[in-house]
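1. Kindly generate the corresponding structure for this input.
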Amino acid sequence: MPGFCKAATLEEIREHGHVLTPGRYVGAAAAEADDVPFEERFAALKETLAEQFAEAEELSALIQAELERVGANV
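-> This is a model prediction of the structure:
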């Protein structure tokens, strides 16, 4: 299965000088065709990242408050 696994033969391994680096055998999965323009995709990714940063700040504040509550200030 490209990009995931491969059952290499002993002959293939010999041809590669007995080097067992996975990339020599597994390769990469075929990329899906995508019709979404880069600008749209990038804007969506930026929005998702901003949401994740905001969530991280909220969680950080919550954790800090709980640590203070139990007397374990960090």
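2. C-alpha only now, for contacts and for neighbours.
-> Fine.
3. Which strands and helices lie in contact with the worst-scoring helix or strand of the chain on mean pLDDT?
-> In the chain, the helix or strand scored least confidently by mean pLDDT, DSSP states H and E is helix 22-26, which has a mean of 83. For helix 22-26, not one helix or strand is in contact under the criterion 3 or more CA pairs under 8 Å, 6 or more residues apart in numbering; DSSP states H and E.
4. Only the buried residues of that helix, if you could.
-> Neighbour counts using 16 or more other CA atoms under 10 Å place 25, 26 of helix 22-26 among the buried residues.
5. Contacts for it next, please.
-> Here helix 22-26 makes contact (CA atoms under 8 Å, 6 or more residues apart in numbering) with 1, 2, 3, 4, 5, 6, 8, 16.
6. of these, closest to residue 48?
-> residue 3 (26.6 Å; CA to CA).
7. so how far is the helix or strand hosting residue 67 from its chain's centroid?
-> Counting by DSSP states H and E, the element that carries residue 67 is helix 38-69. For helix 38-69, the gap between its own C-alpha mean and the chain's C-alpha mean amounts to 17 Å (CA atoms, centre = their mean, to the nearest Å).
8. Ok, stretch 13-30 next?
-> That offset, for stretch 13-30, works out to 22 Å (CA atoms, centre = their mean).
9. can you give me the end-to-end distance of that stretch?
-> End-to-end span of stretch 13-30 (CA to CA, to the nearest Å): 23 Å.
10. List the buried residues in it.
-> Using 16+ other CA under 10 Å as the test for burial, stretch 13-30 gives 25, 26.
11. How about stretch 36-50?
-> Of the residues in stretch 36-50, none is buried (16+ other CA under 10 Å).
12. just how off-centre is that stretch within its chain?
-> 17 Å.
13. and residue 65, how many neighbours?
-> The tally of other residues near residue 65 (other CA atoms under 10 Å) stands at 14.
14. how much space between it and residue 59?
-> When distance is defined by CA to CA, residue 65 is 10 Å away from residue 59.
15. can you list the residues that contact stretch 3-18?
-> So stretch 3-18 is contacted by 19, 20, 24, 25, 26, 27, 28, 29 (CA under 8 Å, 6+ apart).
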